[in-house]
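> take this sequence and fold it.
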Amino acid sequence: MTVLLLVAVLSVITATAFERLTIATKLSASGAALDQARVYSLAAEAMAATRIADLVAADPVRTPRGWENRWARLPIPGGSGLIRARDGGNCFNLNSLVSGDDPEKLVAQPVGVAQFTALMRALQVDPRVAAVVAAAASDWIDSDSAPQGLGAEDEAYTRASTPYRTANGWMADPSELRAVTGMTPQLYSVLAPWLCALPTSDLSQINPNTLSLDQAPLLAMLAPDQLDVSRARALLAARPPGGWPGTLAFWQSPALRGVTPPAGANEQVTVRTRWFAVETRVTLGNTTSEEKALFDARETRVRLARRQWGFGE
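Next comes the predicted model:
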């Protein structure tokens, strides 16, 4: 009986050890595959940077069309890969809710707040909710502790069941908006496709030549009292085959007859893409690596501004 008991115990120990060894082997293989997939993603990112530099150099005044928002296959040995580039500036820049470059001196930017409100209204968000969220988001970023009329500062958040404080700095990702007063999961799901958090407080630079018809609300937010979404969509549908040659030609389009853009809004329209967002997806076996890269093409030398692993939501 003693021998049988020892054999049984040893069998259990052996089986457990073998199971742990199997798990460790799989984890090691998975980690190696993920590392290799990320290496391929970084190589694809470098290729994209070169292509973007060539695109910008080809025409420094107007970015050529035809490259945007198209998935292309990557030649990955033993796996598969996809890469896509899009205009990273065709979005509402949440950091434009404030002005300033010094993190300790960020102040609310009324034009940015008004445009965020206008975008939400164009997306059929209740005007009262839109006003609260826009003001609260501006307060979340600005450096002071004095709330705007409809905004919220630390006092509002420290009363929550799980207290927290405002960031008092630029947002690094649009998902930070989820923590702002007035925001709900349902509202965030509506707004998320239209938002970005660029590393600048510049007002959103919209390129009508790279906008899709579905992105018409981004034009409507620039002249909310004069340009509605349906008219903005009609304007994009009538876009010249090669795109508008310049901003003057855009504002002189027949579809914009009678529209006088608010002060500064005409300068937000550009035919030169200044931010490029690149997404890569590499799969090796059962392992998938996803990466987002943001390139800054405002200057002659294109540079990587941000890298993020995983697409998120």
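
> helices along the stretch 51-200 of the chain, start to end?
110-122, 127-141, 154-157, 185-191 (DSSP state H, counting those that start in this stretch).

> point out where the chain drops to low pLDDT.
When residues are selected by pLDDT under 70, those of the chain lie in 1, 3-31, 311-313.

> domain map for the chain?
Recorded structural domains for the chain (assignment: automatic domain parsing) are 2-88+274-309, 92-194.

> and the longest one, how far apart are its ends?
The stretch domain 2-88+274-309 measures 56 Å between its terminal residues, going by Cα to Cα, to the nearest Å.

> what of stretch 296-304?
For stretch 296-304, the separation between the terminal residues is 6 Å (Cα to Cα).

> neighbouring contacts of it?
45, 49, 52-53, 56, 60, 199, 273-276, 293-295, 305 (Cβ atoms under 8 Å, 6 or more residues apart in numbering). Quick note: C-beta positions are derived from backbone N, CA and C, even for glycine.

> closest to Q215 out of the helices of the stretch 51-200 of the chain?
helix 110-122 (10.9 Å; Cβ to Cβ).

> who's in contact with that closest one?
Contacts for helix 110-122 (Cβ under 8 Å, 6+ apart): 92-94, 96-99, 127, 129-131, 133-135, 137-138, 191, 194, 201, 203-204, 217-218, 220-222, 224, 228-229, 262, 264.

> beta-bridge partners for the residue most central in space within the chain, please?
The residue lying closest to the centre of the chain (Cα atoms, centre = their mean) is C196, at 3.7 Å. When assigned by DSSP bridges, C196 has beta-bridge partners N93.

> quick thing: my sequence starts at 466, can you match it?
Sounds good: first residue 466 from here, last item C661.

> quick check: it touching L559?
Yes - under the criterion of Cβ atoms under 8 Å, C661 is in contact with L559, at a separation of 7.1 Å.

> now for these two: what residues contact both?
P639.

> ok so, going back, give me whichever of the domains of the chain is most buried.
domain 557-659 (a mean of 18; mean count of other Cβ atoms under 10 Å).

> so P726, which of the three states?
coil (DSSP: H, G, I helix; E, B strand; the rest coil).

> can you give me the helices for the stretch 666-778 of the chain?
681-685, 694-702, 712-716, 730-733.
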